[in-house]
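Engineer: Please work out how this folds:
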Amino acid sequence: MKEKEIIIIGCGMSGLGAAHQLRENGLESKIFDKQPYFGGQTASFTKDGWTFDIGPHISFSKDDTIKALLADGVDGKFLEIKAGVNNYWQGHWIKHPAQVNLHGLPSDLVTTIIIEFIEASKKNTDKSKIKTFKEWLYASFGETFAETFPMKYGIKFHTVHADKMSIEWLGPRLYQPKMKEIVYGAVSPQSPDVHYISDFRYPEEGGYVSFLQKFKQKSDISLNSKVININPEDKKVTFEDGKVVNYEHLISSMPLPVIIPMIKGVPDNVLKASQELTCSNCVLVNIGIDRADILDAVWTYFYDEDIIFTRLNFPHVQSPNNVPEGCGSIQAEIYFSDKYKPLEQKPEEFVDRTIADLRKCGLIKENDKILYKETRHIEYANVIFDLDTKKNTKIVHDYLDEKDIEYCGRYGEWAYIWTDQSFRSGMNAGKKVLRKLEKNNK
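Structural biologist: Prediction:
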């Protein structure tokens, strides 16, 4: 093979994972990314001593290979932190997950939730026949808990009602308790930890992207390189600046709705399917204050409709080096989607409302000094699994397979996967290229 004939689009977790897999097998690749920075969705930014990631990123992988690679990426200089998670609902701070931590909530509400959970359990619904997220929630928890907690949070996070969502994305995300666990959590202020994340790793310095620094150093990366056209017949990629690059093998981590319109000769049905795939976008509001003891949690979920943000995380808890000494930081997430809840304001217009709601929750006190504030807009945040997602994803993936274009990462696979899974996804795409090369060389 000639050098540079393997092209990778995107230098986030999956793109760098693909490059790593190829490099481990003696093959070099060329990575292109439209952004002026590396790291993709796991990029981190530091200004005036304040470090914020693009959204909440932590490493809680059970994949020993990925754990070792990321640990080596920072020469073992990472922190191991207990994953404290809680919820805020109508003035109550509730340990996570709420379904086994009902103690202290209104008695009538708790009683109704327990009764309905028993009734739902007796129905013994065949969950393999369930089609929508709403049906799954009702069958798992009963109507009152479903509508008070996960459905309220879901519409803030996914921007779409639970009856328009499928369930293939769930995985371990919503804990399904036994009756004993619900009752115990209702009568006792101390319940066992059952969250699927017990502890996690985070780099000592530089934010989450520091895990990828060594991969960056070993890779051939061109930033500010936006793809505008892909010709799979001639095997050429054209960039916004007019540059044309030939390839033998192409790996893409671009979102499916973005890459498909770029492909020359794409059939109408494939184009239509790609544009029906939908994803949330997110406004991040980053706040720094002159106090570190903000909340005894790493992140927290908000259910109330009158609170603008969906979730908060606290970067200074992940590493004290993310803030100036003695300070604390808060990152608020506010979700939108082009299809279900369009963003109609500039990101910076959410700062004052976010600060007001932080005060309402008691997280920012009257005497606190706000030392830092900024916003970022994430164009692609979380895949929204509506009822046509599975069908449309298959149409698009089948076409990319036909055109010999490998896809990887959250937005290439169009899956709800975490950062370690994205890196593994990139490695798997690299393995596919290696198998093709081996087959061609026989």
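
Engineer: show me where pLDDT drops low in the stretch 301-442 of the chain?
Structural biologist: Applying pLDDT under 70 to the stretch 301-442 of the chain flags residues 442.

Engineer: And the strands in it, which stretches?
Structural biologist: 311-313, 328-337, 370-378, 383-384, 405-407 (DSSP state E, counting those that start in this stretch).

Engineer: which stretch among those strands comes nearest residue 358?
Structural biologist: Each of the strands of the stretch 301-442 of the chain has some distance to residue 358 by CB to CB; the shortest is strand 328-337, at 6.7 Å. Quick note: C-beta positions are derived from backbone N, CA and C, even for glycine.

Engineer: how about the closest one as PDB, C-alpha atoms only?
Structural biologist: Once non-C-alpha atoms are left out, strand 328-337 reads as follows in PDB (Å, rounded to 0.1, in the frame of the first residue of the first chain):
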ATOM      1  CA  GLY A 328     -15.900  25.700  42.000                       C
ATOM      2  CA  SER A 329     -17.400  25.200  38.500                       C
ATOM      3  CA  ILE A 330     -20.800  24.200  37.200                       C
ATOM      4  CA  GLN A 331     -21.700  23.100  33.700                       C
ATOM      5  CA  ALA A 332     -25.400  23.200  32.800                       C
ATOM      6  CA  GLU A 333     -26.900  21.400  29.800                       C
ATOM      7  CA  ILE A 334     -29.900  22.700  28.000                       C
ATOM      8  CA  TYR A 335     -31.200  20.500  25.100                       C
ATOM      9  CA  PHE A 336     -32.900  21.200  21.800                       C
ATOM     10  CA  SER A 337     -33.500  19.400  18.500                       C
END
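
Engineer: Check the offset of that strand from the chain's centre.
Structural biologist: Distance of strand 328-337 from the chain centroid (CA atoms, centre = their mean, to the nearest Å) equals 13 Å.

Engineer: what angle separates that strand from strand 370-378?
Structural biologist: For strand 328-337 against strand 370-378, the angle by axes from the mean of the first three to the mean of the last three CA atoms, to 10 degrees is 30 degrees.

Engineer: what's in contact with the top helix by length along the chain?
Structural biologist: As assigned by DSSP state H, the longest helix anywhere in the chain is helix 419-440. For helix 419-440, contacts defined as CB atoms under 8 Å, 6 or more residues apart in numbering pick out 1, 6, 12-22, 25, 27, 42, 57, 59, 61, 63, 65-67, 69-70, 208, 249, 251, 253, 404, 406-410, 412-413, 417.

Engineer: Can you tell me which of those residues end up in helices?
Structural biologist: Secondary structure from DSSP H places 13-22, 65-67, 69-70, 409-410, 412-413 of the contacts of helix 419-440 in helices.

Engineer: ChimeraX command for the buried members of these?
Structural biologist: The buried residues among those can be selected in ChimeraX (16 or more other CB atoms under 10 Å) with this line:
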select :13,14,15,16,17,18,19,20,21,22,66,69,70,409,410,412,413
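
Engineer: coming back round to it: flag every buried residue along the longest helix of the chain.
Structural biologist: Across helix 419-440, burial judged by 16+ other CB under 10 Å covers 419-430, 432-434, 437.

Engineer: Over to stretch 143-153?
Structural biologist: Buried positions in stretch 143-153, judged by neighbour count with 16+ other CB under 10 Å: 143, 144, 145, 146, 148, 149, 150, 151, 152, 153.

Engineer: Where do the domain boundaries of this protein fall?
Structural biologist: 6-43+209-277+388-440, 99-187 (automatic domain parsing).

Engineer: Okay, now the sheet partners of the longest strand seen in the chain, with direction.
Structural biologist: What stands out as the longest strand in the chain, according to DSSP state E, is strand 278-289. According to DSSP bridges, strand 278-289 forms sheet pairs with strand 328-337 (antiparallel), strand 370-378 (antiparallel), strand 383-384 (antiparallel).

Engineer: Send over it as PDB, restricted to the C-alpha atoms.
Structural biologist: C-alpha atoms of strand 278-289 as PDB (Å, rounded to 0.1, in the frame of the first residue of the first chain):
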ATOM      1  CA  THR A 278     -32.600  13.100  14.400                       C
ATOM      2  CA  CYS A 279     -30.300  14.100  17.200                       C
ATOM      3  CA  SER A 280     -30.400  16.600  20.000                       C
ATOM      4  CA  ASN A 281     -28.200  19.700  20.200                       C
ATOM      5  CA  CYS A 282     -27.100  21.200  23.400                       C
ATOM      6  CA  VAL A 283     -26.300  24.600  24.900                       C
ATOM      7  CA  LEU A 284     -23.600  24.400  27.600                       C
ATOM      8  CA  VAL A 285     -23.500  27.200  30.100                       C
ATOM      9  CA  ASN A 286     -20.200  27.100  32.000                       C
ATOM     10  CA  ILE A 287     -20.100  29.000  35.400                       C
ATOM     11  CA  GLY A 288     -17.200  29.500  37.800                       C
ATOM     12  CA  ILE A 289     -17.700  30.800  41.400                       C
END
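
Engineer: any idea of the mean pLDDT in it?
Structural biologist: On average, the pLDDT along strand 278-289 is 99.

Engineer: Give me the distance between stretch 113-131 and the centre of its chain.
Structural biologist: Centre to centre, stretch against its chain (CA atoms, centre = their mean), the figure for stretch 113-131 is 29 Å.

Engineer: Pull out the buried residues from it.
Structural biologist: So stretch 113-131, judged by 16+ other CB under 10 Å, has buried residues 113, 114, 116, 117, 120, 121, 130.

Engineer: what sits against the last one?
Structural biologist: Read it as residue 130. By CB under 8 Å, 6+ apart, residue 130 lies in contact with 136, 139, 167.

Engineer: closest to residue 259 among these?
Structural biologist: Of all the contacts of residue 130, residue 167 has the smallest distance to residue 259: 26.7 Å, by CB to CB.

Engineer: Can you tell me the closest non-neighbouring residue to the closest one?
Structural biologist: Leaving aside its sequence neighbours, residue 167 sits nearest to residue 136 (CB to CB, 6 or more residues apart in numbering; 4.9 Å).

Engineer: Specify the local secondary structure of the one you found.
Structural biologist: For residue 136, the assignment made with DSSP: H, G, I helix; E, B strand; the rest coil gives helix.

Engineer: Going forward, count from 36.
Structural biologist: Yep, numbering from 36; the last one is residue 171 now.

Engineer: Tell me the predicted confidence for it.
Structural biologist: We note a pLDDT of 95 for residue 171 in this prediction.

Engineer: Please look at it and residue 200 and confirm they touch.
Structural biologist: No. If you go by CB atoms under 8 Å, residue 171 and residue 200 don't touch, sitting 9.2 Å apart.

Engineer: which residues of the stretch 186-335 of the chain fall in strands?
Structural biologist: Using DSSP E, counting those that start in this stretch, the strands of the stretch 186-335 of the chain run over 234-238, 255-257, 262-266, 271-274, 279-281, 284-287, 313-324, 334-337.
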